[in-house]
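A.B. asks: Everything below, folded, please.
(chains A and B)
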Amino acid sequence: MLKIATWNVNSIKVRLPQVLDWVATARPGLLCLQEIKTVNDNFPVQELEDAGYQCQVNGQKTYNGVAILNRTPHDPVDIVDAIPGLDDPQRRVLAATYGDLRLVNLYVPNGSEVGSDKYAYKLDWLARLRDWLAEELARHPQLVVVGDFNIAPEDRDVYDPEGWQGSVLVSEPERAALRALLDLGLRDSFRLFDDSAGQYSWWDYRAAAFARDRGLRIDHILVSEALTGACKSCVIDKVPRGWERPSDHAPVIAEFDL
DNA sequence: ATGGTCGTTGGACGA
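C.D. replies: You can find the predicted model right below:
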């Protein structure tokens, strides 16, 4: 059984103790992190190696940054750290192959506000991502695409759909861009097992959003058709969101018969 | 309550 997890930690420097605590019990074979907010040289490689994990890091100063931790039998190969051909100083992508499994870790742009420059950047980025993932899927039938997508796929993934209607993270062009990824032949693994509304992975720090369970489901694990049969579960672990000084995101973890 | 809270910074900016 291989567990693959994704967690926007909002600073690895602050959250390292929580990551170490969490992996000690959850024991994912692969853990994809987003918003590490550090340059590669300051990533806590030693501490994570001591916990049994090998680290691939794609960081930058202050913002963004992604990493993949593995304790798999295979070393990562064919590492890619950007959407090919996209000249982007923002470190948001890390892909690697572990045996027959291709893993893509994403920190999709937030988009700020509908109509803003950052929103246009988000939609353009997603279009470029789609073209790249089409190629990845052709090369690697066993593909898993995870990360903070900054998109709630449907209204059932939003605590107040009427209040959020048309806003960034839920707007129709963003949802269409996510559907375009799924139309390549990917499935939202969470929805293979749970049709319910009110399952969230992110809660704003403000206004006691977590205590009131006012969240959105914006962190996803997408699996290729070839892997859907092997995927045995996908759950959101809300526990770390309730810890002292938490990330604003909860980890999402999928189990595979691999 | 047209705000709120974090993290990185060392004043705003991004989320």
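
A.B. asks: What segments of the stretch 1-150 of chain A are helices?
C.D. replies: A:12-26, A:45-50, A:117-139 (DSSP state H, counting those that start in this stretch).

A.B. asks: how close does the residue in chain A sticking out farthest from the centre get to residue A:170?
C.D. replies: When distances are taken from the C-alpha mean of chain A, residue A:162 lies farthest, 25.6 Å away, according to Cα atoms, centre = their mean. Going from residue A:162 to residue A:170 by Cβ to Cβ, to the nearest Å gives 11 Å. Heads up, the C-betas are built off the backbone N, CA and C, glycines and all.

A.B. asks: count of neighbours near residue A:186?
C.D. replies: Neighbours of residue A:186 under the rule other Cβ atoms under 10 Å: 22.

A.B. asks: what comes up buried for stretch A:62-75?
C.D. replies: A:64-72 (16 or more other Cβ atoms under 10 Å).

A.B. asks: Equivalent analysis for stretch A:122-133, please.
C.D. replies: Going by 16+ other Cβ under 10 Å, stretch A:122-133 has these buried residues: A:122-123, A:125-126, A:129-130, A:132-133.

A.B. asks: Just give me the closest of those to DNA strand B.
C.D. replies: Nearest to DNA strand B among these: residue A:122, at 9.0 Å, using Cβ to the nearest atom of the strand.

A.B. asks: can you pull the contacts of the closest one?
C.D. replies: Residue A:122 is in contact with A:108-111, A:150, A:174, counting by Cβ atoms under 8 Å, 6 or more residues apart in numbering.

A.B. asks: same question, residue A:222
C.D. replies: A:144-146, A:181-182, A:186-189.

A.B. asks: give me the element it is part of.
C.D. replies: Remark: residue A:222 resides in strand A:219-224, with elements defined by DSSP states H and E.

A.B. asks: Alpha carbons only: can I get that strand in CSV?
C.D. replies: Output in CSV follows, covering the C-alpha atoms of strand A:219-224 (Å, rounded to 0.1, in the frame of the first residue of the first chain):
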residue,chain,number,x,y,z
ASP,A,219,-6.4,20.7,-2.5
HIS,A,220,-6.7,17.7,-4.7
ILE,A,221,-5.3,14.4,-5.7
LEU,A,222,-6.0,13.6,-9.4
VAL,A,223,-5.4,10.1,-10.7
SER,A,224,-5.2,8.8,-14.3
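
A.B. asks: and it, anywhere near DNA strand B?
C.D. replies: No. Applying Cβ under 7 Å from any atom of the strand, one finds strand A:219-224 separated from DNA strand B by no less than 11.4 Å.

A.B. asks: For the next helix-or-strand element following that strand, give the mean pLDDT please.
C.D. replies: Next helix or strand after strand A:219-224 toward the C-terminus (DSSP H and E): helix A:225-228. Here helix A:225-228 scores 98 as its mean pLDDT.
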